[in-house]
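Trainee: this is a predicted model, with the sequence first.
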Amino acid sequence: MSDYSLKTMMNKPERLAPGHRMCAGCGAPIVVRAVLRTLHEGDHAVVGNATGCLEVSTFMYPYTSYKDSYIHNAFENAGATMSGVETAYHVLKKKGKIPADENFRFITFGGDGGTYDIGFQSLSGAMERGHDMTYVCYDNGAYMNTGIQRSSATPMFADTTTTPAGKESNGKVQYRKDLTAILAEHYIPYAAQTTLTRDFRDLHRTAEKAVYTAGPTFLNVMAPCPRGWRYPAEDIMEICRLAVETCYWPLFEVDHGNWKLSYEPKHKLPIEDFLRTQGRFRHLFKPGNEHLIELFQKEVDKRWEDLQYRCARGQI
């Protein structure tokens with residue numbers, strides 16, 4: 001069993017170099033550092049990256065912030081590209097062109113735009129074909145890199161540039177997609193949902209499990225965006241805590257078809273505690289909009305009850 005304490009993990013060599021151009025208070029680079037930190041000593045990685053904030057801020061040809069091999073993919077084909085790399089690796093190893101004792105892990109990062117939407121087809125195909133790779137979605141709830149447009153990960157009532165809240169609108173009218181459940185329905189060996197809780201233990205644990213479980217695995221990590229969500233940079237960890245404690249973003253895993261809660265709040269907080277931290281939901285707290293918060297709460301409650309039922313049953 002690995003030691004997932006923050007002190008132990010933070011003492012491991014960093015594989016994402018400092019000096020990238022991500023915004024202060026952004027969740028994406030924290031996710032990347034945490035995931036790559038779980039690689040075992042002596043192992044190498046091939047890192048794929050769908051177009052997005054993370055890509056444009058950590059890579060400018062011919063320079064990259066990654067200390068492992070790195071591939072920039074188009075929005076739509078990150079899953080397909082890494083599945084091809086993984087296949088080529090096994091062929092080259094079989095031919096003796098890669099030393100038998102040299103181990104590589106294949107990890108792709110993508111935002112929700114490149115994962116939930118544009119890249120979903122190639123991701124679904126890679127998962128269905130059974131490639132030995134890990135796909136990590138840093139979910140910041142919109143197309144942040146191109147100007148904060150809504151995605152299918154954007155929560156209901158969120159204010160974005162394509163779902164503006166105002167006199168004629170209360171933000172996005174659709175529910176967000178439950179991508180973790182959709183990937184679990186591919187019957188892959190491992191899928192998990194986590195975020196940046198204070199001790200990082202769940203993120204480190206699920207990331208290592210995803211990276212070192214044979215076959216296709218998926219990790220969905222809520223990664224707040226200070227520009228799109230409109231919060232002070234220093235509040236990121238508190239926002240993640242509230243997302244978990246309100247059950248807006250429950251922590252769970254599906255291990256070879258077995259659903260299991262990773263954490264269950266002792267006292268579930270009201271969703272307004274989470275919404276109040278972000279400018280994108282400011283309009284919900286105007287007089288007369290109380291019913292919108294009630295609708296949001298009902299959605300969160302329904303999803304939480306459904307997840308509890310699945311985990312109580314265990315199997316898909």
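Mentor: On my side now, so go ahead.

Trainee: contacts and neighbour counts: CA atoms only from here.
Mentor: Fine.

Trainee: now residue 100. Nearest residue, chain neighbours left out?
Mentor: Setting aside the residues directly before and after it, residue 100 is nearest to residue 93 in space (Cα to Cα, 6 or more residues apart in numbering), at 6.6 Å.

Trainee: could you say which helix or strand contains the one you found?
Mentor: Assigned by DSSP states H and E, residue 93 falls within helix 78-94.

Trainee: just checking, what packs against that helix?
Mentor: Packed against helix 78-94 by the contact rule (3 or more Cα pairs under 8 Å, 6 or more residues apart in numbering; DSSP states H and E) you find strand 44-50, strand 104-111, helix 120-129.

Trainee: quick check: what element follows the first one along the chain?
Mentor: The element immediately downstream of strand 44-50 (helix or strand, assigned by DSSP H and E) is helix 53-58.

Trainee: pick the most deeply packed of the helices and strands packed on helix 78-94.
Mentor: strand 104-111 (a mean of 24; mean count of other Cα atoms under 10 Å).

Trainee: dump it to CSV, restricted to CA.
Mentor: Taking Å, rounded to 0.1, in the frame of the first residue of the first chain, the C-alpha atoms of strand 104-111 are listed here in CSV:
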residue,chain,number,x,y,z
PHE,A,104,6.1,3.3,-19.7
ARG,A,105,2.7,4.4,-18.6
PHE,A,106,0.4,6.2,-21.0
ILE,A,107,-1.6,9.2,-19.6
THR,A,108,-3.7,11.7,-21.4
PHE,A,109,-5.1,15.0,-20.0
GLY,A,110,-8.0,16.9,-21.4
GLY,A,111,-10.4,19.5,-20.2
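
Trainee: can you list contacts of that strand?
Mentor: The contact list for strand 104-111 (Cα atoms under 8 Å, 6 or more residues apart in numbering) reads 32, 43-54, 78-79, 82, 86, 132-140, 143, 211.

Trainee: strands along the stretch 201-316 of the chain, start to end?
Mentor: Under the criterion DSSP state E, counting those that start in this stretch, the stretch 201-316 of the chain contains strands at 217-222, 252-255, 258-261.

Trainee: dump the ones you listed into a markdown table; add mean pLDDT as well.
Mentor: Shown next, in a markdown table, are these (pLDDT from 0 to 100):
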| stretch | mean pLDDT |
| --- | --- |
| strand 217-222 | 98 |
| strand 252-255 | 98 |
| strand 258-261 | 97 |
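
Trainee: quick one: low-confidence parts of the stretch 1-150 of the chain?
Mentor: In the predicted model, the stretch 1-150 of the chain carries pLDDT under 70 at residues 1.

Trainee: ok, now with 90
Mentor: The model of the stretch 1-150 of the chain has pLDDT under 90 over residues 1-8, 10-11, 13, 17-21, 60-63, 100.

Trainee: name the nearest residue to residue 108, sequence neighbours excluded.
Mentor: Nearest residue to residue 108, sequence neighbours excluded (Cα to Cα, 6+ apart): residue 48, at 4.2 Å.

Trainee: distance of that neighbour relative to residue 14?
Mentor: 17 Å (Cα to Cα, to the nearest Å).

Trainee: do residue 192 as well
Mentor: Residue 192 is 23 Å from residue 14, where distance means Cα to Cα.

Trainee: just grab the bridge partners of the residue nearest to residue 108 for me.
Mentor: Beta bridges link residue 48 to residue 71, residue 108, judged by DSSP bridges.

Trainee: how far does stretch 128-141 sit from its chain's centre?
Mentor: How far stretch 128-141 lies from its chain's middle: 9 Å, per Cα atoms, centre = their mean, to the nearest Å.

Trainee: list the buried residues of that stretch.
Mentor: 130-141 (16 or more other Cα atoms under 10 Å).

Trainee: run through who's touching the lengthiest helix in the chain.
Mentor: What stands out as the longest helix in the chain, according to DSSP state H, is helix 290-313. With contact meaning Cα under 8 Å, 6+ apart, helix 290-313 is reached by 156-157, 247-248, 250, 258-261, 270-272, 284, 316.

Trainee: thinking again about what came up before, among the helices and strands packed on helix 78-94, which is nearest residue 207?
Mentor: strand 104-111 (10.4 Å; Cα to Cα).

Trainee: now that closest one and strand 217-222, what's the angle there?
Mentor: Angle between the axes of strand 104-111 and strand 217-222 is 40 degrees (criterion: axes from the mean of the first three to the mean of the last three Cα atoms, to 10 degrees).

Trainee: and the next helix-or-strand element following strand 104-111, what does it pack onto?
Mentor: The helix or strand immediately downstream of strand 104-111 is helix 112, counting by DSSP H and E. Contact here means 3+ Cα pairs under 8 Å, 6+ apart; on that basis helix 112 packs against strand 134-139.
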